[in-house]
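> I'd like to go over a predicted model; first the sequence, then the structure.
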Amino acid sequence: MSSNIKEKILNIFREQSQIFGIKSVTLDMIAKRCGISKKTLYKYFDGKDQIVTEIFDELLEKLNTRFLEIDRTADESMVKIHHIFDAMFELLGSVSIPLLRDIQNDYPDINKKIDDFREQHRELVRRTIESGIASGSMNGNINSAVAVDMILGAAQAVLYPGYVIKNNLTMQSTIESFKALILDGLALKRRAGGVK
């Protein structure tokens, strides 16, 4: 029963912060929507910051699990890269602007976790590109070290709350554009007349 209450608190907080942003969501609001007292809510969480941190830790853990699964199961490099971007889109693409704004402004520790997460998966991206080049499914003129640094540098520049907000985008549209540019650059293209 207690894990159900905790999960309900997290789910309602997720839902409300997606709509209104973190700042506008109060613990009183969450307790009322859960049908519990604020005192009961405090049995599960010390406060709003702990709820936000747990939600983002869970999100990054899900993404990490997906990346590990993709690494184990996808054989072809372009398929693997597609799956990596699809996983990012699925888990991060629906994050709302109010939520992003509050994360950017008030949660530097979460922004740091997002940056650390990107760095942790540098090796997966590098191995995937090198494998694609070796197999001939990716452009052989690409240096894998340069490609990885460009992908991660571009990800750091555009796949973060400040960029999305500043440019009046959604995380979904940003990820889709990023994915299209990166995948087109990596793909082995054939020129007119069938010459590589």
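Received, thanks. Residues are numbered from 1 along each chain as shown.
> next, count neighbours for the closest residue to S24 other than its chain neighbours.
Closest residue to S24 apart from its sequence neighbours, by C-beta to C-beta, 6 or more residues apart in numbering: P98 at 7.5 Å. C-beta here means a position set from N, CA and C on the backbone, and glycine is covered the same way. Using other C-beta atoms under 10 Å, P98 has 18 other residues around it.
> now P98: how far from R122?
According to C-beta to C-beta, to the nearest Å, P98 and R122 sit 31 Å apart.
> bridged to A187, which residues?
M138 (DSSP bridges).
> give the contact list for it.
M78, M138, N139 (C-beta atoms under 8 Å, 6 or more residues apart in numbering).
> can you tell me which of the residues you listed is nearest T40?
Closest approach to T40 among those (C-beta to C-beta): M78, at 50.2 Å.
> quick check: which element contains that closest one?
Using DSSP states H and E, M78 maps to helix 77-92.
> other SSEs contacting the helix or strand following that helix?
Counting by DSSP H and E, the element after helix 77-92 in chain order, helix or strand, is helix 97-106. When contacts are defined as 3 or more C-beta pairs under 8 Å, 6 or more residues apart in numbering; DSSP states H and E, helix 97-106 packs onto helix 2-20, helix 108-120, helix 161-166.
> TSV for these, including mean pLDDT, distance to R126 and mean neighbour count?
Formatted as TSV, these follow (pLDDT from 0 to 100; distance: least, C-beta to C-beta, whole Å; neighbours: other C-beta atoms under 10 Å):
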stretch	mean pLDDT	distance to R126	mean neighbour count
helix 2-20	90	33	16
helix 108-120	85	12	14
helix 161-166	80	24	16
